[in-house]
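[1] quick one: sequence and predicted model below, then my questions.
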Amino acid sequence: MRLLSWNIQWGRGADGRVDLARSAAAIRAAGEFDVICLQEVACKLAGLAGGAREDEVAFFAAAFPEHEPVFGAGLDVPDGEGGRAYFGNLLLSRRPVGQVFRHLLPSPADPAYPAMQRVCVEAVVDAPWGPLRVMSTHLEYYSQRQRRAQVEALRALQAQAADLARLPPMGKDASPAFAARPRPASAVLCGDFNCEPGSDAYRALQRPLPPPDDAPANANANAHPAGALRPNWVDAWPLVHGARPHAPSVGLHGADWPDRAYCCDFFFVSADLAPRVRALEVLADTAASDHQPVVLTLSSAAG
């Protein structure tokens, strides 16, 4: 199973031009993907550098018709012409999609810095081995306080999903709104985390989750990789590359940001999925964004 994550900067390349066809071509050139996760996707939003109020959700849905689109807006504002404008994350899945969740992430007051509302899009997809949660997000760039709050929210979402998978709520046959639907603890979390390997936020995201209240006193709630009551987030890069430094995902092609090369785009997996991680690579060749695409390959056979 192959997944791609890419902050496309609303289709704006290192040359400053917005060219959505170029973005789509770069994805196709990288091969076929079961799930495509794009961050910084705009719809009718005026004022973006190089943009012309494109409906980028519609564009990518048409460009990849074999994939089901799932969009989550962090920014949802009037477009000035009687409609709405959006900015957020788009998930495209070639695998069947079950439940979808759009989580607005916290943004505690930090008046010294600019900020935007951030979102995490979650879709339960039918992986070859069963249901899998795929989550795409984009964390705050300027405010460390907000970024850390968002990291804690992502940890809490994983703990909650694991608890619900282990102790599902009672269904109610009379109402489809109460029907029990798959939402496993197993998950992939990807996107632009606006932090570097080894940073406080990076380390905090991967801390073991506290055991649930009903865990037996002698339970190892943070076992790795299998059997955890609450499998925590694990960076997929060292699972493939060991101690090799993360390949840079920004700063490669002379865009107006940043002024150096480093990694801030990651794939994290729940610890129980670690045995399925087979490959992880940063696609360094394309200059269709100020970020590089990142590709994760999961095996249908664990171990």
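    Right, received. Where do you want to start? Numbering: from 1, shown residues only.
[2] how about the longest helix anywhere in the chain, which residues are buried there?
    Assignment by DSSP state H gives helix 144-166 as the longest helix of the chain. Neighbour-count burial for helix 144-166 flags 145-155, 157-159, 161-163, 165 (criterion: 16 or more other CB atoms under 10 Å). Using the backbone N, CA and C atoms, a C-beta is placed for each residue, glycine as well.
[3] what pLDDT is listed against the residue lying farthest from the centre of the chain?
    Distance to the chain centre peaks in the chain at residue 174, reaching 34.7 Å (criterion: CA atoms, centre = their mean). Note for residue 174: predicted pLDDT of 81.
[4] and it, helix, strand or coil?
    The three-state assignment at residue 174 reads coil, by DSSP: H, G, I helix; E, B strand; the rest coil.
[5] how far away is it from residue 236?
    Counting by CB to CB, to the nearest Å, the gap from residue 174 to residue 236 is 42 Å.
[6] tell me where the model's unsure across the chain.
    In the predicted model, the chain carries pLDDT under 70 at residues 216-227.
[7] residue ranges for the helices of it, please.
    20-29, 56-63, 144-166, 200-205, 236-241.
[8] check contacts around the residue positioned nearest the centre of the chain.
    With distances taken as CA atoms, centre = their mean, the residue of the chain nearest its centroid is residue 136 (1.9 Å). Counting by CB atoms under 8 Å, 6 or more residues apart in numbering, residue 136 touches 5, 37, 38, 39, 89, 90, 91, 120, 121, 190, 191.
[9] what do you get for residue 204?
    148, 151, 152, 155.
[10] not counting its neighbours along the chain, what's nearest the first one?
    Spelled out, it's residue 148. residue 201 (5.8 Å; CB to CB, 6 or more residues apart in numbering).
[11] ok, the third one next?
    Nearest-residue entry for residue 152: residue 204, 7.4 Å, with adjacent residues in sequence omitted and distances by CB to CB, 6+ apart.
[12] how close does that neighbour get to residue 106?
    Going from residue 204 to residue 106 by CB to CB gives 14 Å.
[13] ok, now residue 153?
    For residue 153, the distance to residue 106 - CB to CB - is 5 Å.
[14] take the helices of the chain and write them to TSV, including distance to residue 301.
    Formatted as TSV, the helices of the chain follow (distance: least, CB to CB, whole Å):
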stretch	distance to residue 301
helix 20-29	27
helix 56-63	31
helix 144-166	21
helix 200-205	27
helix 236-241	16
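[15] among those, which is nearest residue 184?
    Nearest of the helices of the chain to residue 184, taken as CB to CB: helix 144-166 at 5.1 Å.
[16] need the contact partners of that closest one.
    103, 105-108, 110, 113, 115, 118, 120, 122, 133, 135, 137, 139-141, 183-185, 187, 189, 193-195, 200-201, 204-205, 207, 209-210, 212, 228-233, 270.
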